[in-house]
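Colleague: Starting from these lines, generate the structure:
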Amino acid sequence: MKTWNKLKHNPDLFKQYFVRERVIKKVRSFFDQQGFHEVETPILIEHPPAESYLEVFETTVLDRQRNPSKVYLSTSPEVALKKLLVAGIGNCYSITKSFRNMETQSNLHNPEFTILEWYRVGVDYKDIMRDCENLFLHIAEGNSTLQFQGKTIDISPPWERITIKDAFLRWADVDFEAFLEENNARDIAKRKGYTVSGDNSWEELYNQIFLNEIEPRLGYPKPTIVYEFPGSMGALARKKPDDPRYAERFEFYIAGLELGDCYRELTDPVEQEDRFKKELEAIRWQGKTVYEYDHDFIDALREGLPECSGIAVGLDRVIMLFANVSRIQDTLFFPWGEI
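Modeller: All right, here's what the predicted structure looks like:
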(Lines give C-alpha, C1' and ligand atoms only; values in the text may rest on other atoms or scores of the structure.)
Protein backbone atom coordinates (compact mmCIF):
# COMPACT_ATOMS: atom_id res chain seq x y z
CA MET A 1 0.00 0.00 0.00
CA LYS A 2 1.34 3.46 -0.94
CA THR A 3 2.15 5.82 1.91
CA TRP A 4 -0.56 8.31 0.98
CA ASN A 5 -3.10 5.48 1.11
CA LYS A 6 -1.86 4.31 4.51
CA LEU A 7 -2.16 7.86 5.83
CA LYS A 8 -5.64 8.23 4.36
CA HIS A 9 -6.84 5.15 6.24
CA ASN A 10 -4.81 5.76 9.39
CA PRO A 11 -4.41 9.52 10.03
CA ASP A 12 -2.61 8.84 13.32
CA LEU A 13 0.40 7.86 11.22
CA PHE A 14 0.92 11.51 10.31
CA LYS A 15 2.54 12.01 13.71
CA GLN A 16 5.35 9.63 12.69
CA TYR A 17 6.01 11.43 9.41
CA PHE A 18 5.82 14.89 10.96
CA VAL A 19 8.93 14.06 13.01
CA ARG A 20 10.83 15.13 9.87
CA GLU A 21 9.64 18.71 9.98
CA ARG A 22 10.33 18.96 13.72
CA VAL A 23 13.89 17.63 13.33
CA ILE A 24 14.66 19.95 10.40
CA LYS A 25 13.34 22.98 12.30
CA LYS A 26 15.55 22.09 15.28
CA VAL A 27 18.60 21.63 13.05
CA ARG A 28 18.05 25.05 11.51
CA SER A 29 17.58 26.71 14.89
CA PHE A 30 20.78 25.07 16.21
CA PHE A 31 22.94 26.54 13.45
CA ASP A 32 21.07 29.83 13.20
CA GLN A 33 21.66 30.48 16.90
CA GLN A 34 25.40 30.13 16.24
CA GLY A 35 25.46 32.51 13.29
CA PHE A 36 25.96 29.95 10.53
CA HIS A 37 24.89 30.85 6.99
CA GLU A 38 22.47 28.42 5.34
CA VAL A 39 23.42 27.77 1.70
CA GLU A 40 21.38 26.37 -1.18
CA THR A 41 23.67 24.17 -3.27
CA PRO A 42 23.03 22.91 -6.83
CA ILE A 43 21.37 19.58 -7.57
CA LEU A 44 22.47 19.39 -11.22
CA ILE A 45 26.27 19.50 -11.43
CA GLU A 46 28.87 18.95 -14.14
CA HIS A 47 31.47 17.30 -11.92
CA PRO A 48 30.62 15.08 -8.93
CA PRO A 49 33.29 14.67 -6.24
CA ALA A 50 35.49 11.76 -7.29
CA GLU A 51 34.56 9.04 -4.80
CA SER A 52 34.92 5.48 -6.04
CA TYR A 53 32.57 3.95 -3.45
CA LEU A 54 29.62 5.81 -5.01
CA GLU A 55 27.68 5.39 -8.24
CA VAL A 56 26.15 8.52 -9.75
CA PHE A 57 23.03 9.40 -11.71
CA GLU A 58 23.87 10.77 -15.16
CA THR A 59 21.50 12.88 -17.22
CA THR A 60 21.57 15.40 -20.08
CA VAL A 61 21.02 19.13 -20.28
CA LEU A 62 19.96 20.54 -23.67
CA ASP A 63 20.61 24.12 -24.66
CA ARG A 64 18.13 26.07 -26.81
CA GLN A 65 19.58 24.49 -29.94
CA ARG A 66 19.25 21.04 -28.30
CA ASN A 67 23.01 20.62 -28.00
CA PRO A 68 23.54 18.08 -25.23
CA SER A 69 25.80 18.31 -22.17
CA LYS A 70 26.31 15.56 -19.63
CA VAL A 71 25.41 16.48 -16.07
CA TYR A 72 24.92 14.54 -12.86
CA LEU A 73 22.68 14.62 -9.83
CA SER A 74 24.69 15.84 -6.87
CA THR A 75 25.96 13.19 -4.47
CA SER A 76 26.88 15.79 -1.86
CA PRO A 77 26.97 19.58 -1.34
CA GLU A 78 30.60 19.35 -0.19
CA VAL A 79 32.46 20.88 -3.13
CA ALA A 80 29.98 23.75 -3.51
CA LEU A 81 30.25 24.64 0.17
CA LYS A 82 34.05 24.51 0.09
CA LYS A 83 34.16 26.94 -2.83
CA LEU A 84 32.17 29.37 -0.71
CA LEU A 85 34.57 28.79 2.19
CA VAL A 86 37.39 29.84 -0.13
CA ALA A 87 35.35 32.92 -1.02
CA GLY A 88 35.14 33.79 2.69
CA ILE A 89 31.58 32.87 3.71
CA GLY A 90 32.70 31.54 7.10
CA ASN A 91 30.75 28.93 9.07
CA CYS A 92 27.98 27.50 6.89
CA TYR A 93 25.59 24.61 6.47
CA SER A 94 23.25 23.10 3.90
CA ILE A 95 20.17 20.89 4.09
CA THR A 96 19.65 19.50 0.62
CA LYS A 97 18.65 16.53 -1.48
CA SER A 98 21.47 14.30 -2.70
CA PHE A 99 21.39 11.31 -5.03
CA ARG A 100 23.35 8.05 -5.10
CA ASN A 101 22.66 5.24 -7.51
CA MET A 102 22.53 1.53 -6.60
CA GLU A 103 21.02 2.33 -3.19
CA THR A 104 17.62 0.66 -3.45
CA GLN A 105 16.47 -2.56 -1.75
CA SER A 106 17.66 -1.42 1.66
CA ASN A 107 15.95 -0.30 4.84
CA LEU A 108 18.75 2.21 5.44
CA HIS A 109 19.10 3.77 1.99
CA ASN A 110 17.04 5.67 -0.54
CA PRO A 111 18.54 6.78 -3.87
CA GLU A 112 17.18 10.29 -3.18
CA PHE A 113 17.95 11.37 0.36
CA THR A 114 18.36 14.43 2.56
CA ILE A 115 21.82 15.40 3.69
CA LEU A 116 22.91 17.88 6.33
CA GLU A 117 26.42 19.21 5.88
CA TRP A 118 28.18 21.88 7.91
CA TYR A 119 31.64 23.45 8.13
CA ARG A 120 33.41 25.34 10.88
CA VAL A 121 36.39 27.52 10.05
CA GLY A 122 39.53 27.45 12.19
CA VAL A 123 38.77 24.20 14.04
CA ASP A 124 39.87 20.59 13.81
CA TYR A 125 37.63 17.57 13.48
CA LYS A 126 37.40 17.02 17.24
CA ASP A 127 35.44 20.28 17.52
CA ILE A 128 32.85 18.77 15.15
CA MET A 129 32.50 15.85 17.57
CA ARG A 130 31.24 18.32 20.15
CA ASP A 131 28.90 19.86 17.57
CA CYS A 132 27.32 16.44 17.02
CA GLU A 133 26.79 15.91 20.74
CA ASN A 134 25.22 19.33 21.17
CA LEU A 135 23.08 19.08 18.02
CA PHE A 136 21.43 15.86 19.18
CA LEU A 137 20.68 17.31 22.60
CA HIS A 138 19.14 20.31 20.86
CA ILE A 139 16.95 18.11 18.65
CA ALA A 140 15.93 16.11 21.72
CA GLU A 141 14.97 19.38 23.44
CA GLY A 142 17.23 18.68 26.40
CA ASN A 143 16.23 15.05 26.93
CA SER A 144 19.33 12.96 27.57
CA THR A 145 17.87 9.67 26.28
CA LEU A 146 15.96 8.44 23.29
CA GLN A 147 14.12 5.20 22.71
CA PHE A 148 14.93 3.28 19.54
CA GLN A 149 13.60 -0.16 18.69
CA GLY A 150 13.27 -1.26 22.30
CA LYS A 151 16.64 0.13 23.43
CA THR A 152 17.43 3.22 25.49
CA ILE A 153 20.26 5.34 24.09
CA ASP A 154 21.97 7.86 26.36
CA ILE A 155 22.86 10.82 24.12
CA SER A 156 24.33 13.01 26.87
CA PRO A 157 27.94 14.13 26.30
CA PRO A 158 30.57 12.90 26.19
CA TRP A 159 29.95 10.19 23.63
CA GLU A 160 32.17 7.11 23.42
CA ARG A 161 35.30 7.74 21.34
CA ILE A 162 37.45 4.96 19.89
CA THR A 163 40.06 4.80 17.13
CA ILE A 164 39.68 2.39 14.22
CA LYS A 165 42.82 0.66 15.45
CA ASP A 166 41.34 0.06 18.91
CA ALA A 167 37.93 -0.91 17.47
CA PHE A 168 39.49 -3.67 15.36
CA LEU A 169 41.35 -5.00 18.38
CA ARG A 170 38.37 -4.74 20.75
CA TRP A 171 35.62 -6.22 18.59
CA ALA A 172 37.41 -8.23 15.90
CA ASP A 173 40.61 -9.24 17.75
CA VAL A 174 42.68 -7.88 14.84
CA ASP A 175 46.03 -6.11 15.08
CA PHE A 176 45.27 -3.20 12.77
CA GLU A 177 48.90 -2.20 12.38
CA ALA A 178 49.48 -5.60 10.79
CA PHE A 179 46.23 -5.43 8.82
CA LEU A 180 47.41 -2.26 7.07
CA GLU A 181 49.72 -4.45 4.96
CA GLU A 182 47.63 -5.96 2.14
CA ASN A 183 49.16 -9.44 2.31
CA ASN A 184 48.57 -9.56 6.05
CA ALA A 185 45.00 -8.35 5.52
CA ARG A 186 44.34 -11.22 3.12
CA ASP A 187 45.73 -13.76 5.57
CA ILE A 188 43.73 -12.32 8.48
CA ALA A 189 40.49 -12.27 6.49
CA LYS A 190 41.02 -15.87 5.38
CA ARG A 191 41.71 -17.02 8.94
CA LYS A 192 38.46 -15.41 9.98
CA GLY A 193 36.58 -17.41 7.39
CA TYR A 194 35.87 -14.67 4.85
CA THR A 195 35.93 -15.42 1.14
CA VAL A 196 39.06 -13.81 -0.30
CA SER A 197 40.01 -13.70 -3.97
CA GLY A 198 42.81 -12.08 -5.90
CA ASP A 199 40.40 -9.39 -7.05
CA ASN A 200 39.61 -8.16 -3.55
CA SER A 201 41.01 -4.73 -2.79
CA TRP A 202 42.38 -3.91 0.65
CA GLU A 203 39.31 -1.76 1.28
CA GLU A 204 37.00 -4.69 0.51
CA LEU A 205 38.90 -6.83 3.04
CA TYR A 206 38.59 -4.02 5.58
CA ASN A 207 34.86 -3.68 4.97
CA GLN A 208 34.22 -7.39 5.44
CA ILE A 209 35.52 -7.20 8.98
CA PHE A 210 34.29 -3.71 9.85
CA LEU A 211 30.74 -4.15 8.57
CA ASN A 212 30.23 -7.64 9.99
CA GLU A 213 32.10 -7.56 13.30
CA ILE A 214 32.45 -3.93 14.38
CA GLU A 215 29.66 -1.73 13.01
CA PRO A 216 26.76 -3.71 14.59
CA ARG A 217 28.30 -3.09 18.04
CA LEU A 218 28.62 0.67 17.69
CA GLY A 219 26.31 3.17 19.38
CA TYR A 220 25.15 1.17 22.41
CA PRO A 221 24.32 2.27 25.09
CA LYS A 222 25.78 5.66 24.08
CA PRO A 223 26.63 7.02 20.64
CA THR A 224 30.08 5.97 19.40
CA ILE A 225 32.56 8.17 17.54
CA VAL A 226 35.07 6.09 15.55
CA TYR A 227 38.06 8.12 14.43
CA GLU A 228 41.48 8.01 12.75
CA PHE A 229 40.39 6.07 9.69
CA PRO A 230 42.95 4.59 7.27
CA GLY A 231 44.50 7.34 5.15
CA SER A 232 43.44 5.56 1.97
CA MET A 233 39.77 5.94 3.00
CA GLY A 234 39.62 9.71 3.37
CA ALA A 235 39.24 11.09 -0.17
CA LEU A 236 38.96 14.72 1.00
CA ALA A 237 40.39 14.37 4.51
CA ARG A 238 43.76 15.51 5.77
CA LYS A 239 46.21 12.83 6.87
CA LYS A 240 47.58 12.85 10.40
CA PRO A 241 50.83 14.86 10.36
CA ASP A 242 52.56 12.43 12.73
CA ASP A 243 51.28 9.24 11.06
CA PRO A 244 50.04 9.61 7.45
CA ARG A 245 48.77 6.02 7.45
CA TYR A 246 45.69 7.50 9.16
CA ALA A 247 43.32 10.32 8.24
CA GLU A 248 41.79 12.97 10.50
CA ARG A 249 38.34 11.57 9.93
CA PHE A 250 35.55 10.22 12.11
CA GLU A 251 32.15 8.63 11.77
CA PHE A 252 29.52 8.52 14.47
CA TYR A 253 27.01 5.79 15.21
CA ILE A 254 23.87 5.56 17.29
CA ALA A 255 22.17 2.19 17.87
CA GLY A 256 24.25 0.60 15.10
CA LEU A 257 23.31 3.29 12.54
CA GLU A 258 26.09 5.17 10.78
CA LEU A 259 24.89 8.78 10.82
CA GLY A 260 27.74 11.11 9.92
CA ASP A 261 31.17 11.30 8.29
CA CYS A 262 33.57 14.09 9.26
CA TYR A 263 36.92 15.27 7.90
CA ARG A 264 39.50 17.78 8.88
CA GLU A 265 39.52 19.13 5.38
CA LEU A 266 42.41 18.67 3.00
CA THR A 267 43.64 22.08 1.79
CA ASP A 268 46.55 21.02 -0.45
CA PRO A 269 45.46 21.33 -4.13
CA VAL A 270 48.26 19.07 -5.43
CA GLU A 271 47.44 16.22 -3.08
CA GLN A 272 43.69 16.67 -3.66
CA GLU A 273 44.07 16.50 -7.44
CA ASP A 274 46.22 13.39 -7.12
CA ARG A 275 43.59 11.71 -4.93
CA PHE A 276 40.83 12.60 -7.39
CA LYS A 277 42.80 10.99 -10.22
CA LYS A 278 43.30 7.81 -8.20
CA GLU A 279 39.60 7.70 -7.34
CA LEU A 280 38.69 8.05 -11.02
CA GLU A 281 41.02 5.17 -11.87
CA ALA A 282 39.16 3.06 -9.29
CA ILE A 283 35.82 4.16 -10.77
CA ARG A 284 36.93 2.99 -14.23
CA TRP A 285 38.28 -0.28 -12.86
CA GLN A 286 34.96 -0.99 -11.12
CA GLY A 287 33.00 -0.32 -14.32
CA LYS A 288 31.05 2.58 -12.82
CA THR A 289 29.94 5.76 -14.58
CA VAL A 290 33.05 7.72 -15.55
CA TYR A 291 33.17 11.51 -15.30
CA GLU A 292 35.75 14.28 -15.06
CA TYR A 293 36.68 15.67 -11.66
CA ASP A 294 35.97 19.30 -10.80
CA HIS A 295 39.00 21.30 -11.98
CA ASP A 296 37.37 24.50 -10.72
CA PHE A 297 37.47 23.05 -7.20
CA ILE A 298 41.23 22.48 -7.53
CA ASP A 299 41.56 26.11 -8.69
CA ALA A 300 39.61 27.17 -5.60
CA LEU A 301 41.98 25.20 -3.37
CA ARG A 302 44.90 27.01 -5.02
CA GLU A 303 43.30 30.27 -3.92
CA GLY A 304 43.32 28.89 -0.39
CA LEU A 305 40.76 26.90 1.59
CA PRO A 306 40.85 28.12 5.20
CA GLU A 307 41.62 25.67 7.95
CA CYS A 308 38.29 24.00 8.60
CA SER A 309 36.46 20.80 9.43
CA GLY A 310 33.12 19.59 8.13
CA ILE A 311 30.67 16.75 8.36
CA ALA A 312 27.93 15.18 6.26
CA VAL A 313 25.01 13.70 8.21
CA GLY A 314 22.29 11.49 6.77
CA LEU A 315 19.27 13.41 7.98
CA ASP A 316 16.77 10.67 7.08
CA ARG A 317 18.55 8.31 9.48
CA VAL A 318 18.50 10.93 12.22
CA ILE A 319 14.75 11.18 11.65
CA MET A 320 14.50 7.37 11.88
CA LEU A 321 15.99 7.55 15.36
CA PHE A 322 13.67 10.25 16.64
CA ALA A 323 10.62 8.65 14.99
CA ASN A 324 11.66 5.23 16.38
CA VAL A 325 11.23 3.42 13.06
CA SER A 326 13.52 0.77 11.60
CA ARG A 327 13.07 1.63 7.91
CA ILE A 328 14.11 4.84 6.21
CA GLN A 329 11.03 4.45 4.01
CA ASP A 330 8.86 5.09 7.08
CA THR A 331 10.23 8.64 7.35
CA LEU A 332 9.45 9.59 3.72
CA PHE A 333 6.08 10.49 2.23
CA PHE A 334 7.37 9.29 -1.16
CA PRO A 335 10.11 6.70 -0.81
CA TRP A 336 11.62 5.02 -3.85
CA GLY A 337 9.11 2.65 -5.39
CA GLU A 338 6.11 4.83 -4.45
CA ILE A 339 6.74 7.81 -6.71
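Colleague: Going toward the C-terminus from the helix or strand encompassing D166, what's the next helix or strand?
Modeller: Taking DSSP states H and E as the definition, D166 sits inside helix 164-172. The C-terminal neighbour of helix 164-172 among helices and strands, as given by DSSP H and E, is helix 176-179.
Colleague: Which strands and helices lie in contact with that following helix?
Modeller: The contact analysis (3 or more CB pairs under 8 Å, 6 or more residues apart in numbering; DSSP states H and E) places helix 176-179 against helix 164-172, helix 182-191. The C-beta positions use only the backbone N, C-alpha and C, and glycine is treated the same way.
Colleague: rerun that using 6 Å as the cut-off
Modeller: The contact analysis (3 or more CB pairs under 6 Å, 6 or more residues apart in numbering; DSSP states H and E) places helix 176-179 against helix 182-191.
Colleague: quick one, the helix it packs on and helix 164-172 angle?
Modeller: On the basis of axes from the mean of the first three to the mean of the last three CA atoms, to 10 degrees, helix 182-191 is oriented at 20 degrees to helix 164-172.
Colleague: Who are the packing partners of the helix of greatest length in the chain?
Modeller: Ordering each helix of the chain by length in residues (DSSP state H) puts helix 269-285 first. Under the contact criterion of 3+ CB pairs under 6 Å, 6+ apart, the helices and strands touching helix 269-285 comprise helix 295-304.
Colleague: per-residue confidence at the most centrally placed residue in the chain?
Modeller: For the chain, the residue lying nearest the average C-alpha position, counting by CA atoms, centre = their mean, turns out to be D261 (4.3 Å). Among the per-residue scores, D261 holds a pLDDT of 96.
Colleague: Run through the bridge partners of it.
Modeller: D261 has the following beta-bridge partners by DSSP bridges: E251, A312.
Colleague: Confirm for me that it is in contact with A312.
Modeller: Yes: counting by CB atoms under 6 Å, D261 does reach A312; the two are 5.4 Å apart.
Colleague: ok, V174 - contacts?
Modeller: V174 makes contact with 168, 188 under the criterion CB atoms under 6 Å, 6 or more residues apart in numbering.
Colleague: for F322, same thing?
Modeller: For F322, the contact set (CB under 6 Å, 6+ apart) comprises 19, 23.
Colleague: Reduced to three states, what does the closest residue to G310 other than its chain neighbours come out as?
Modeller: Excluding its sequence neighbours, the residue lying closest to G310 (CB to CB, 6 or more residues apart in numbering) is Y119, at 3.8 Å. Put simply, Y119 is strand when judged by DSSP: H, G, I helix; E, B strand; the rest coil.
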